[in-house]
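*Asks:* my questions are about this predicted structure, shown below with the sequence.
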Amino acid sequence: MKVVKFGGSSLATGEQFNKVVSIIDDDSDRKVVVTSAPGKRFDGDVKVTDLLIEYANLVLEKKDFKETVEKIVDRYQEISDYFELEDSTINTIKQKLETLATTKFSDNDHLMAAFKAHGEYMNAILLAAVLNSEGIPAKFLDPKDAGFLVGGEPNNADVLEDTYLNLSKYKFGSERIVFPGFFGYSEDGSIYTFTRGGSDITGAILSRGFKADLYENFTDVDAIYVANNHVVKDPAAIQKMSYREMRELSYAGFSVFQDEAIIPAVQGQVPVNVKNTNNPSAPGTLIVPEQFLFNPANPITGIASSKRFSALYLHRYLLNKEVGFTLQLLKIFYRYGISYEHMPSGIDDLTIIFDRSKLSKTTIKNLCNDIKESLNPDYMEWIDDYAIIMVVGEGIAHTVDTMGKIIDSLTQNNIAIHMINQGASRISIMIGTRMKDADRAVRHIYDTFFNNDDEVE
Ligand SMILES: Nc1ncnc2c1ncn2[C@@H]1O[C@H](COP(=O)(O)OP(=O)(O)O)[C@@H](O)[C@H]1O
Ligand SMILES: N[C@@H](CC(=O)OP(=O)(O)O)C(=O)O
């Protein structure tokens with residue numbers, strides 16, 4: 001049995017739905033289908049999830065939301081019209097959407113989560129109706145009825161272990177199951193969503209819970225490429241990669257597969273196949289356990305970059321001899337409720353790297369003041385435009401010249417390296433650069449390892 005997840009780009013229009021219907025029809029093993037909300041139809045379009053966030057904010061600000069609701073309904077109406085569905089489905093969708101504005105929520109975070117989740121909820125109802133109308137028996141399954149339980153925060157959910165037990169007891173009928181991605185229910189029955197891109201996580205959880213043989217993740221590219229195709233022109237495709245390579249690359253910027261989604265797949269040892277809805281016969285990329293992989297010809301599998309970081313640089317002589325300095329620092333982070341991403345250190349220096357999207361300007365200001373007062377560093381600098389390049393490959397641990405080649409390619413092209421770290425993970429090398437250099441750095445590293453004749457710049 002296969003769990004199949006379709007991303008927002010695969011479910012954005014009636015035409016895209018039509019391709020999805022054929023893919024499901026082609027393989028009776030595609031038993032469980034996970035939906036995202038309708039995504040972008042063209043460059044500059046707005047995803048339904050973003051329209052729902054706008055709707056939630058208008059409700060919270062007590063402003064007129066009629067136009068936004070109409071825009072959302074239009075997205076589903078367009079698909080319903082394409083398949084000439086009876087009005088009952090779009091009426092159900094409309095009613096669910098309008099009811100949101102008058103529903104009482106315990107606080108604003110719960111409200112936001114419930115609004116966001118409706119993008120996938122309504123798309124799953126719609127896809128089930130479309131499949132039935134096309135002669136493929138299908139049933140919408142509400143995560144509540146499957147025992148899909150989550151904890152954590154309303155907009156940053158974590159799956160609860162009980163979910164796996166509940167899913168293992170689910171009794172399948174002969175019809176396909178259509179399951180909305182991106183959210184689950186807390187133990188008190190509230191809707192909690194995963195972080196953005198979280199429908200990938202739902203698919204992985206269902207794959208583990210239902211003990212699927214394969215988790216197919218359908219998107220809009222033929223494969224996962226060695227580098228982001230918006231950064232490198234015509235990058236090579238990755239045919240096979242390990243779970244941990246995927247985890248590191250998605251964390252560092254390969255947005256094609258959400259970085260937390262690999263974890264349930266690893267726990268259930270379910271292989272993941274990333275495929276293209278627009279070209280389903282292409283083999284895509286297979287993500288499997290690590291023991292099968294090591295290519296002596298090229299130690300590198302992928303090169304990712306992410307510009308979402310900031311760094312705090314601290315200098316103090318004899319830092320290496322000072323007992324408790326790092327402890328004090330960690331206590332300050334704890335007091336502010338913030339986590340850090342990386343903390344490379346030298347004898348007198350320490351750089352702490354943060355995910356900037358999780359920090360407000362006020363938090364940064366207060367945090368820096370606190371550190372100055374409590375730890376009295378000789379020099380301290382907040383670097384806001386920090387990027388991380390992650391070069392990843394199972395082969396890195398088996399070679400000696402990879403780091404040297406990377407450094408050569410960057411220095412020869414005048415790219416300043418602010419930090420380089422190998423060792424913490426045996427399969428990756430992490431490089432810190434200024435944001436403006438990040439894309440150029442990826443292109444030069446790509447050129448070094450993949451002998452690309454295209455002009456680099
Ligand atoms: N290394 C990579 N390989 C393939 N796609 C990538 C990579 N890095 C970033 N992407 C981007 O990820 C996009 C697919 O992810 P996403 O937009 O979330 O799709 P979906 O709508 O299917 O969830 C691709 O269109 C591509 O631009
Ligand atoms: N719709 C949600 C969840 C998701 O996974 O979407 P997509 O499959 O389009 O990345 C979001 O936009 O975050």
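*Replies:* Done, it's in. Ligands and ions are numbered 1, 2, ... in the order given.

*Asks:* grab the nearest non-local neighbour of the closest residue to ligand 2 within the stretch 1-150 of the chain.
*Replies:* Among the residues of the stretch 1-150 of the chain, residue 8 lies closest to ligand 2, at 2.6 Å counting by Cβ to the nearest ligand atom. To be clear about C-beta, it is placed using only N, CA and C from the backbone, and glycine gets the same treatment. The shortest distance from residue 8 to any residue other than its chain neighbours is 2.3 Å, reached at residue 39 (Cβ to Cβ, 6 or more residues apart in numbering).

*Asks:* one step back: got a list of what the residue of the stretch 1-150 of the chain closest to ligand 2 touches?
*Replies:* Shown in contact with residue 8 (Cβ atoms under 8 Å, 6 or more residues apart in numbering): 36-40, 47-49, 199.

*Asks:* which among those count as buried?
*Replies:* 36-39, 47-49, 199 (16 or more other Cβ atoms under 10 Å).

*Asks:* where does the chain have its least confident helix or strand?
*Replies:* strand 419-422 (a mean of 85; mean pLDDT, DSSP states H and E).

*Asks:* so which of the buried ones among the contacts of residue 8 reach ligand 2?
*Replies:* 36-37, 39, 47, 49, 199 (Cβ under 6 Å from any ligand atom).

*Asks:* and which of those is nearest ligand 1?
*Replies:* residue 39 (4.5 Å).

*Asks:* the closest one against residue 7, yeah?
*Replies:* Yes - with contacts counted by Cβ atoms under 8 Å, residue 39 reaches residue 7, the gap being 6.5 Å.

*Asks:* now check the longest helix anywhere in the chain, is it near ligand 2?
*Replies:* Scanning the chain for the helix with the most residues, using DSSP state H, yields helix 108-133. Yes - using Cβ under 6 Å from any ligand atom, helix 108-133 reaches ligand 2 at residue 119.

*Asks:* pairing partners for the next helix or strand after that helix, with directions?
*Replies:* Sequence order places strand 138-140 as the next helix or strand after helix 108-133, per DSSP states H and E. Sheet pairing of strand 138-140 (DSSP bridges) gives strand 176-180 (parallel).

*Asks:* packing partners of the next helix or strand after the partner strand?
*Replies:* Using DSSP H and E, the helix or strand that directly follows strand 176-180 along the chain is strand 183-185. Packing partners of strand 183-185 (3 or more Cβ pairs under 8 Å, 6 or more residues apart in numbering; DSSP states H and E): helix 108-133, helix 143-146, strand 150-153, strand 156-159, strand 191-193.

*Asks:* could you measure from the residue nearest to the spatial centre of the chain over to residue 8?
*Replies:* What sits nearest the mean C-alpha location of the chain, by Cα atoms, centre = their mean, is residue 258, with 2.3 Å. Distance of residue 258 to residue 8, computed by Cβ to Cβ, to the nearest Å: 12 Å.

*Asks:* and whichever residue of the stretch 301-450 of the chain sits closest to ligand 1, what does it touch?
*Replies:* The nearest approach of the stretch 301-450 of the chain to ligand 1 comes at residue 302, 6.5 Å away (Cβ to the nearest ligand atom). Neighbour list for residue 302: 224-227, 238, 241, 245, 249, 254, 391-393 [criterion: Cβ under 8 Å, 6+ apart].

*Asks:* okay, and the beta partners of it?
*Replies:* Bridge pairing for residue 302 - DSSP bridges - gives residue 392.

*Asks:* go on, the one 10 residues further on?
*Replies:* The bridge-partner assignment for residue 312, based on DSSP bridges, gives residue 352, residue 382.

*Asks:* just the pLDDT at it, thanks.
*Replies:* In this prediction, residue 312 carries a pLDDT score of 94.

*Asks:* pretty sure it contacts residue 356?
*Replies:* No - the criterion here is Cβ under 8 Å, and residue 312 misses it with residue 356 at 11.2 Å.
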